[in-house]
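Trainee: Here's a sequence, model it:
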Amino acid sequence: MDKKKKKAGILNSTFYRVYFSLVALALIAVVIGLVWLNGVVKDYETAQPVHVAEQVARLFEISDYASLYAMDTSAQDISGGDMNFYVEQMKALTAGKTIAWRAAFSSNADEKQYGVTLDGERFASFTLVPSGETTGHGNRLWKPGSVTTNVVLKGSGAEGDPVAAAYRVEVPTGYTVTVDGEALTEADVVVAAKSVLPEDFLPSGVTAPTLTEYGFDSESESPNIVVTTPAGQTAELQPDGENRWTCPVPENAEFREKYGQAVIKLGERIAKYTAKDLSRAAILTNVVSDSPAEKILKKFSNSWAPSHKSSSINNAVVSEFYVLSEDCFTCRVEFNFVLTSRRENDYVYPTAYTLCIVRRKGEGKLYNIVFN
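Mentor: Okay, here's the model as predicted:
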């Protein structure tokens with residue numbers, strides 16, 4: 001009688017033993033990789049300067065001017081070295097008003113700048129600087145730098161007479177400023193021809209707009225300040241803090257209307273590239289070859305973004321639209337960059353870029369960029 005051979009079980013097969021071992025090793029590697037990636041993301045998030053900025057901004061929000069006094073580069077000019085006067089006057093100035101803050105442009109990679117507003121008007125600024133320490137994954141950590149308040153606190157004379165107070169007004173270079181009918185001169189200039197754009201941001205031969213700041217004293221609570229353009233037109237002043245005014249460089253509204261949506265679309269493509277949702281080859285089709293923007297984008301480490309299935313932007317705004325030549329303009333684009341996870345959770349990142357766009361063969365191309 002023929003005996004039937006008993007079939008070998010699957011676990012007795014050398015092939016399947018090797019196969020399942022490899023599968024198990026692969027699963028272990030995936031788990032380890034996910035744990036490592038999660039650690040990298042957490043490490044990156046922990047090192048973000050916004051966490052330190054929130055601590056400094058909190059001092060303004062709770063009116064802790066005793067702590068701010070030691071950091072304020074303007075404290076001596078404001079109070080004459082009297083901390084109690086500084087604290088009392090700053091609390092009185094800000095009582096009942098809304099404090100807000102946001103990141104501001106900085107051309108220095110070793111300094112983060114932030115602006116503070118009081119009821120929507122510029123009130124102060126502060127900086128963060130590298131602490132000299134890094135995280136376990138090499139991300140550098142930040143610490144508070146300095147604070148500058150844009151106010152002038154006024155006392156009174158021996159018999160209650162008003163004391164002359166310092167005033168500031170910032171206007172585009174070349175504009176004329178008169179105070180109570182008297183024109184300010186070069187002798188009144190505090191800051192001359194300050195560029196509104198970073199150094200070396202523009203192509204060779206293209207000049208950036210500049211602002212000139214004047215300072216003057218007045219015993220009047222409301223001096224009559226008139227700003228006139230080179231064409232003889234009266235320019236509008238905006239409050240810019242206590243006893244400060246500014247007249248911004250005029251934007252080209254026609255160009256903004258014509259190219260604003262294209263700039264927003266470009267900003268979205270840049271953001272998607274930073275999150276690996278757009279390839280390098282794809283983004284470089286929008287960039288001038290061998291330009292600063294190309295170098296910046298090629299070096300950008302786009303591994304920061306958490307795992308997500310899609311990305312989008314909302315609340316996009318284009319501002320500071322300056323046409324500098326027939327073939328060059330600059331602008332600032334701001335929006336919320338939203339990453340939607342596979343669990344339908346949203347990560348929202350406020351994003352801002354300052355862009356330099358040039359014309360190449362009839363088409364606008366990115367020449368330079370600053371991540372704000």
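Trainee: which residues of the stretch 201-350 of the chain fall in helices?
Mentor: 253-274, 280-284, 292-299 (DSSP state H, counting those that start in this stretch).
Trainee: From the rest of the structure, what touches the first one?
Mentor: I take that to be helix 253-274. If you take C-beta atoms under 8 Å, 6 or more residues apart in numbering as the criterion, helix 253-274 is touched by 278-280, 282-283, 286, 297, 300, 302, 304-305, 311-313, 316, 318, 321, 323, 329, 331, 333, 335, 337, 351, 353, 355, 357, 364, 366, 369. C-beta coordinates here come from the backbone N, C-alpha and C atoms, glycine included.
Trainee: and if we set it to 6 Å?
Mentor: Helix 253-274 is contacted from outside by 278, 283, 286, 302, 311, 313, 316, 318, 321, 323, 331, 333, 337, 351, 353, using C-beta atoms under 6 Å, 6 or more residues apart in numbering.
Trainee: Between the two ends of stretch 183-194, how far is it?
Mentor: One end of stretch 183-194 sits 21 Å from the other (C-alpha to C-alpha, to the nearest Å).
Trainee: tell me, how many neighbours does the nearest residue to Val52 once chain neighbours are set aside end up with?
Mentor: In space, and not counting its chain neighbours, Val52 is closest to Trp142: 4.8 Å by C-beta to C-beta, 6 or more residues apart in numbering. Neighbour count for Trp142, taken as other C-beta atoms under 10 Å: 21.
Trainee: quick one: which of the contacts of helix 253-274 sit in strands?
Mentor: Of the contacts of helix 253-274, the ones assigned to strands by DSSP state E are Ser311, Ile313, Ala316, Val318, Phe321, Val323, Cys331, Val333, Phe337, Thr351, Tyr353.
Trainee: Can you say which of the contacts of helix 253-274 are buried?
Mentor: Buried subset of those (neighbour count, 16 or more other C-beta atoms under 10 Å): 278, 283, 286, 311, 313, 316, 318, 321, 323, 331, 333, 337, 351, 353.
Trainee: residue ranges with poor pLDDT in the stretch 101-250 of the chain?
Mentor: When residues are selected by pLDDT under 70, those of the stretch 101-250 of the chain lie in 105-108, 137, 152-165.
Trainee: can we see that at 50?
Mentor: Counting by pLDDT under 50, the stretch 101-250 of the chain has low-confidence residues at 155-164.
Trainee: Tell me which stretches of it form strands.
Mentor: For the stretch 101-250 of the chain, the strands defined by DSSP state E, counting those that start in this stretch occupy 112-118, 121-134, 140-149, 165-172, 176-179, 182-183, 189-195, 210-218, 225-228, 234-235, 238-239, 244-246.
Trainee: out of those, which comes closest to Asp72?
Mentor: In terms of C-beta to C-beta, the element of those nearest to Asp72 is strand 140-149, at 4.7 Å.
Trainee: which other helices and strands contact that closest one?
Mentor: Applying 3 or more C-beta pairs under 6 Å, 6 or more residues apart in numbering; DSSP states H and E, we find strand 140-149 packed against strand 121-134.
Trainee: quick one: the strand it packs on to chain centroid distance?
Mentor: Mean-position distance between strand 121-134 and its chain equals 12 Å (C-alpha atoms, centre = their mean, to the nearest Å).
Trainee: ok, residues contacting it?
Mentor: 49, 52, 56, 110-117, 140-143, 145-150, 239-241.
Trainee: Please apply the same query to stretch 74-81.
Mentor: So stretch 74-81 is contacted by Tyr69, Phe85, Tyr86, Thr148, Thr149, Leu153 (C-beta under 6 Å, 6+ apart).
Trainee: Could I get the contacting residues of the closest residue to Val249 other than its chain neighbours?
Mentor: Leaving aside its chain neighbours, Val249 sits nearest to Pro209 (4.3 Å; criterion: C-beta to C-beta, 6+ apart). Residues near Pro209 by C-beta under 6 Å, 6+ apart: Val196, Val249, Tyr322.
Trainee: Contacts only, for the first one.
Mentor: Read that as Val196. Pro209, Val249.
Trainee: repeat that for 10 Å
Mentor: Val196 makes contacts with Phe105, Pro172, Ala208, Pro209, Thr210, Leu211, Pro248, Val249, Glu320, Tyr322, Thr330, Thr354, as judged by C-beta atoms under 10 Å, 6 or more residues apart in numbering.
Trainee: re earlier: PyMOL command to pick out the buried ones of the contacts of strand 121-134?
Mentor: Once 16+ other C-beta under 10 Å is used to decide burial, the buried members of the contacts of strand 121-134 can be selected in PyMOL as follows:
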select buried, resi 49+52+56+112+113+114+115+116+117+141+142+145+147+149+150+240+241
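Trainee: Does the residue nearest to Val52 touch Gln48 like I think?
Mentor: Yes. Assessed by C-beta atoms under 10 Å, Trp142 is found in contact with Gln48 at 8.5 Å.
Trainee: Now pLDDT and distance to Arg256 too, for the ones in strands among the contacts of helix 253-274, in TSV please.
Mentor: Formatted as TSV, the ones in strands among the contacts of helix 253-274 follow (pLDDT from 0 to 100; distance: C-beta to C-beta, whole Å):
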residue	pLDDT	distance to Arg256
Ser311	93	25
Ile313	94	18
Ala316	95	13
Val318	94	6
Phe321	94	4
Val323	95	9
Cys331	95	7
Val333	95	11
Phe337	92	21
Thr351	91	19
Tyr353	93	15
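Trainee: Switch the helices of the stretch 201-350 of the chain over to TSV; also include mean pLDDT.
Mentor: Formatted as TSV, the helices of the stretch 201-350 of the chain follow (pLDDT from 0 to 100):
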stretch	mean pLDDT
helix 253-274	93
helix 280-284	95
helix 292-299	92
